[in-house]
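[1] predicted model, plus sequence, below.
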Amino acid sequence: MSQIQTRQVGKTGVNVTSLGLGTVPLAGFKAKVDYDEFEAVIAAAFEGGVSYFDCAPMYGFGKAEYYLGHALRELGVRKDVIVSTKVGRILKPVSRVRKLDTVYGIEWIDPLPFLDTYDYTYDGFMRSFEDSQQRLGLDHIDILLVHDLGRAWHGDNADIYWRQIRDSGYKALEELRRTGAVSAVGLGVNETESVVSVAREFDIDCALIAGRYTLLNQAPLLADFAELRERHVSVLAAGVFNSGILAAGTKGKGNTYDYQQAPIEVLDKVRMIEVICDRHGVDLASAAIDFVNMHPAITTVVLGAQGVAEMQQNLVAASRKPPKAFWDDLKATGILPHNAPVEPG
């Protein structure tokens, strides 16, 4: 497999590998994953050259953080890896809070006995950060991301949380970064609009954006990525398979797109991509990863894996680079816009 590069996050001293591991699938997304399997996946990723790991309080309602921190200690690799987690949610005992209704509803399997509540205030960020430190068992967190800020997630309630972060949440982020409790701050969202909005009013270093720049979605090419580059905001790209359809293809199990059943127009587009993949002997997953990683705004591609076999498949897929003729055909058929970057580096 090809060497995994290391890239700088914004203007910080943080460097992440160009391939990262997200812990959503390991926290009980659609299937239970026990601790031994969790640790084995972390070990397989690290042995394969991956040293950036992302988690959040939301994932398994604390389980991802709890398991990740323990795995890093057991494997003895904490000093060699970069960890990101998130604020914007506080976990409370399941007996004391009602379950939230969200756009991307996830039913965690065998989560810890907590539920999440939104809080984007100074006090909320500080409590969330300190709670995460205790679950992870880490005295320093490399990257801290504001989770799900924006209208795409909160809908009509978005203005409430925008007021909270503007009134005091930014102050918490700046204090944590200034005092060295974290090395970089940013957003972790499913949209680019909120990232640009925040970058215009607060100095963020990066943004983990899920599912917005993929073989099926190139809207950020219009302006957002250019502005983020000008502001030295690194994009940590997640959801490059659009929750499954670009990994398994139209003949795979699930056929999910953005955590829902893929609509017919998406299936038709993926079939067109599959035809061109077959023509050039290209693996669909490799194309999905490589396309995102070639954009100069992207610092890393964050993939998930539910087991060691999936992790190894991801490593192999990320190492295979489609030929130029493949990208030329995708542009000629209109699947990709002509301004989509398809040159390595």
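    Cool, the structure landed.
[2] and stretch 102-119, end to end?
    Separation of the first and last residues of stretch 102-119 by CA to CA, to the nearest Å is 15 Å.
[3] tell me which residues of it are tucked away?
    I106, W108, P111, L112, F114, L115, D116, Y118, D119 (16 or more other CB atoms under 10 Å). (Glycine included, C-beta is placed from N, CA and C.)
[4] and of those, the nearest to L75?
    Set against L75, the nearest of the buried residues of stretch 102-119 by CB to CB is L112 (21.6 Å).
[5] and the closest one, how far from F29?
    Distance, L112 to F29, using CB to CB, to the nearest Å: 14 Å.
[6] how about L176?
    For L176, the distance to F29 - CB to CB - is 28 Å.
[7] ok, and what's touching stretch 191-205?
    The contact list for stretch 191-205 (CB atoms under 8 Å, 6 or more residues apart in numbering) reads 9-12, 14, 143, 146, 149-153, 165-166, 170, 173-174, 184-187, 189, 207, 209, 212, 219-220, 224-225, 227-228, 231-234.
[8] can I have the buried ones of these as a ChimeraX selection?
    Typed into ChimeraX, the line below selects the buried ones among those, using 16+ other CB under 10 Å:
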select :9,10,12,14,143,146,149,150,151,152,153,165,170,173,184,185,186,187,189,207,209,212,220,224,225,227,228,231,232,233,234
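[9] so which of the contacts of stretch 191-205 sit within strands?
    Within these, residues falling in strands by DSSP state E are I143, V146, A184, V185, G186, L187, V189, A207, I209, S234.
[10] of all the residues you listed, which comes closest to I273?
    For these, the residue nearest I273 by CB to CB is I209; the value is 21.2 Å.
[11] surely the closest one and V189 touch.
    Yes. In this structure, I209 is within contact of V189 by CB atoms under 8 Å, at 6.2 Å.
[12] show me the contacts for S243.
    G211, T256, Y257, D258, Y259.
[13] most neighbours, which of the residues you listed?
    In terms of neighbours by other CB atoms under 10 Å, those top out with Y257 at 23 neighbours.
[14] quick one, what contacts that residue?
    Counting by CB under 8 Å, 6+ apart, the residues that Y257 touches are L216, N242, S243, G244, I245, P263, V266.
[15] and for N314?
    Shown in contact with N314 (CB under 8 Å, 6+ apart): L19, A285, I289, L303, A305.
[16] can you redo these as JSON lines with pLDDT and distance to P337?
    Formatted as JSON lines, the contacts of N314 follow (pLDDT from 0 to 100; distance: CB to CB, whole Å):
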{"residue": "L19", "pLDDT": "98", "distance to P337": "25"}
{"residue": "A285", "pLDDT": "97", "distance to P337": "22"}
{"residue": "I289", "pLDDT": "98", "distance to P337": "19"}
{"residue": "L303", "pLDDT": "98", "distance to P337": "24"}
{"residue": "A305", "pLDDT": "96", "distance to P337": "30"}
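[17] just those residues: which are in strands?
    Per DSSP E, those map to strands at L19, L303.
[18] for V50, state which of the contacts of N314 is nearest.
    Of all those, the one sitting nearest V50 is L19; the distance, using CB to CB, is 5.3 Å.
[19] the closest one: neighbouring residues, count only.
    Residues lying near L19 (other CB under 10 Å) number 24.
[20] pretty sure it contacts A305?
    No. Using CB under 8 Å as the test, L19 is too far from A305 to be in contact (11.2 Å).
[21] report how many residues lie close to P263.
    P263: 12 neighbours (other CB under 10 Å).
[22] try R89
    By other CB under 10 Å, the residues close to R89 number 22.
[23] what do you get for D203?
    By other CB under 10 Å, 16 other residues sit near D203.
[24] give me phi/psi at it?
    phi -80, psi 90 (degrees, to the nearest 10).
[25] and P337, what element?
    Element membership of P337 [criterion: DSSP states H and E] is none; it lies in no helix or strand.
[26] quick one: it and L221 touch, right?
    Yes. With contact defined as CB under 8 Å, P337 and L221 form a contacting pair (6.3 Å).
[27] out of these two, which sits in the more crowded spot?
    Taking neighbours as other CB under 10 Å, P337 and L221 compare with L221 leading, 17 against 11.
[28] identify the residue nearest S128 in space, chain neighbours excluded?
    Distances taken as CB to CB, 6 or more residues apart in numbering place V87 nearest to S128, at 4.2 Å, with adjacent residues excluded.
[29] hey, what's the one you found bridged with?
    V146 (DSSP bridges).
[30] how much space between it and F125?
    Per CB to CB, V87 is found 5 Å from F125.
[31] okay, those two: which has more neighbours?
    A direct count of neighbours by other CB under 10 Å for V87 and F125 places V87 higher, at 31 against 27.
[32] that one: what's it in contact with?
    By CB under 8 Å, 6+ apart, the contact list for V87 reads Y120, G124, F125, S128, F129, S132, L144, L145, V146, H147, A172.
[33] if we use 7 Å, what do you get?
    V87 is in contact with F125, S128, F129, L144, V146, H147, counting by CB atoms under 7 Å, 6 or more residues apart in numbering.
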